[in-house]
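Asker: quick one, structure for this:
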Amino acid sequence: MSVFTRIIEAMLNIEQLRESFARVYEGPDNLQHECDMIKEAEQLNIPLDTYRRLYVFKTDEPVAPYPKTDSWKKIASVWTKWFMYLPLKNKIFLLRKGIFWLLQKGILLSAVFAIGHYIWTIPERHKQALEQKKQAHYQAWLVINSAQQNQTASGGRKEALEDLRKDDISLEGVNASGLSASNRTYLRFIQLQGANLQYAKLQYTDLTGANFQNTYFFKANFQGSRMPGANFSKADLTNANLTKTDIGLLSKYGNKNLTSANFQNADLQDANLQDADLQGANLQDADLNRTDLRGSKNITTEQVKSAKNWQQAYYSPEFRKQLGLP
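Answerer: Residues are numbered from 1 along each chain as shown. Below you'll find the predicted structure:
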């Protein structure tokens with residue numbers, strides 16, 4: 001069979017010829033391009049020179065040379081822009097070549113299997129994570145409830161309480177109280193902001209520098225506790241028992257922040273709030289009998305007079321005059 005006859009037969013199946021052209025590599029690797037040309041010419045049984053001449057007349061636009069960048073940080077943006085501006089046929093060609101190469105290497109199948117396995121095992125992994133969380137919470141409560149009240153250290157309670165708070169577990173009714181003023185539970189600098197501690201038992205506890213911002217303390221019991229430098233900003237202490245607590249003094253632990261705290265109906269008898277910042281604090285119906293408010297900052301006469309027994313509280317001489325007290 002003559003060369004011309006073979007060419008005519010190939011031309012009769014023009015689509016087959018176009019598909020052959022599409023399989024030829026068009027990147028900057030000339031060796032790969034030449035190998036593909038030889039391979040495709042042999043498969044169509046066409047002389048290489050003839051195949052090259054026919055290839056020149058293919059309708060597909062050549063793929064633009066691969067872009068080069070001066071920094072690896074620009075690779076993603078430069079290559080994305082290069083691909084987006086390619087003609088549609090060239091995009092299809094590159095995608096088809098890429099998928100074919102991945103299939104050859106077994107990478108695509110492995111990736112599909114890995115993704116499928118990951119999706120399939122999501123419920124099981126979620127279940128395991130929940131079980132691990134449950135066990136961690138159980139251990140935390142075990143530490144809190146089994147810690148001896150007569151020990152001076154926190155007994156792991158501080159870390160256990162913080163871990164439960166981080167997982168948004170309610171701490172309602174938790175008991176971390178000490179035995180007496182000389183035998184306290186030490187929870188210094190504990191971070192319980194935003195926690196639910198209503199009905200909590202925290203008598204005779206050392207809460208120096210604690211963070212209770214936005215914490216809910218409805219009917220919590222702090223009787224006799226030391227809390228210098230504690231942050232009660234925006235905390236809800238409605239009906240809480242704060243008798244004989246010490247929140248003031250010891251400025252080295254930072255500001256005594258009680259701004260916007262809610263002390264409505266709270267029992268503040270014999271409490272020390274010296275130098276505390278009470279800006280915006282709600283003292284309505286709070287019991288201020290013998291409460292020490294000397295040096296308190298940003299406190300107004302309206303705040304004080306909304307409380308009970310405010311006349312029996314201790315104030316600085318200047319503020320006493322503003323209140324009309326002798």
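Asker: just give me the neighbour total for Glu172.
Answerer: As a burial measure, Glu172 scores 14 neighbours (other C-beta atoms under 10 Å). Backbone N, C-alpha and C define where each C-beta goes, glycine included.
Asker: now do Glu162
Answerer: Using other C-beta under 10 Å, Glu162 has 15 other residues around it.
Asker: a helix runs through it, doesn't it?
Answerer: Yes - membership of Glu162 in a helix is supported by DSSP: H, G, I helix; E, B strand; the rest coil.
Asker: ok, it - contacts?
Answerer: 190-192 (C-beta atoms under 8 Å, 6 or more residues apart in numbering).
Asker: try 10 Å
Answerer: Contact analysis of Glu162 by C-beta atoms under 10 Å, 6 or more residues apart in numbering lists 140, 187, 190-192, 195.
Asker: ok, so of those, who is nearest Asp270?
Answerer: Relative to Asp270, the closest of those is Leu187; by C-beta to C-beta it sits at 21.7 Å.
Asker: what's the closest one sitting at in phi/psi?
Answerer: The phi/psi pair for Leu187 (degrees, to the nearest 10) reads phi -130, psi 40.
Asker: that one and Lys244, how far apart?
Answerer: Leu187 sits 18 Å away from Lys244, taking C-beta to C-beta, to the nearest Å as the criterion.
Asker: isn't Phe21 up against His33?
Answerer: No - when contacts are counted by C-beta atoms under 10 Å, Phe21 is not listed as touching His33 (11.8 Å).
Asker: just the strands in this protein please.
Answerer: Secondary structure of the chain (DSSP state E): strands at 185-186, 205-206.
Asker: by contact count, what packs against the first one?
Answerer: Read it as strand 185-186. Strand 185-186 makes packing contacts with helix 157-166, strand 205-206 when contacts are defined by 3 or more C-beta pairs under 10 Å, 6 or more residues apart in numbering; DSSP states H and E.
Asker: quick one: the last one to chain centroid distance?
Answerer: Here strand 205-206 is found 30 Å from its chain centre; the criterion is C-alpha atoms, centre = their mean, to the nearest Å.
Asker: repeat that for stretch 213-233.
Answerer: The answer for stretch 213-233 is 26 Å, by C-alpha atoms, centre = their mean.
Asker: now it - C-alpha only, CSV.
Answerer: C-alpha atoms of stretch 213-233 as CSV (Å, rounded to 0.1, in the frame of the first residue of the first chain):
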residue,chain,number,x,y,z
GLN,A,213,-16.1,38.3,83.0
ASN,A,214,-19.7,37.6,81.8
THR,A,215,-20.0,34.7,84.3
TYR,A,216,-23.4,33.8,85.7
PHE,A,217,-23.4,33.6,89.5
PHE,A,218,-27.0,33.6,90.4
LYS,A,219,-27.3,32.6,94.1
ALA,A,220,-23.6,31.6,94.2
ASN,A,221,-22.0,31.5,97.6
PHE,A,222,-18.6,33.4,98.0
GLN,A,223,-18.8,33.9,101.8
GLY,A,224,-15.4,34.6,103.2
SER,A,225,-13.5,34.2,99.9
ARG,A,226,-10.5,36.3,98.9
MET,A,227,-10.7,37.8,95.4
PRO,A,228,-8.2,40.7,95.0
GLY,A,229,-7.7,41.6,91.4
ALA,A,230,-10.6,39.5,90.2
ASN,A,231,-12.4,40.6,87.1
PHE,A,232,-16.2,40.5,87.5
SER,A,233,-16.9,42.8,84.6
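Asker: if I look at the closest residue to Lys305 other than its chain neighbours, how far off is Ala181?
Answerer: Once flanking residues are discounted, Lys305 sits nearest to Leu323: 7.4 Å by C-beta to C-beta, 6 or more residues apart in numbering. According to C-beta to C-beta, Leu323 stands 31 Å off from Ala181.
Asker: kindly report the same for His126.
Answerer: For His126, the distance to Ala181 equals 48 Å [C-beta to C-beta].
Asker: just want to know which of the two has more residues nearby.
Answerer: Using other C-beta under 10 Å, the more surrounded residue of His126 and Ala181 is Ala181, with 13 against 10.
Asker: turn the contacts of Glu162 into TSV, including pLDDT.
Answerer: Listed next are the contacts of Glu162 as TSV, based on pLDDT from 0 to 100:
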residue	pLDDT
Ala140	80
Leu187	92
Ile190	94
Gln191	95
Leu192	96
Ala195	95
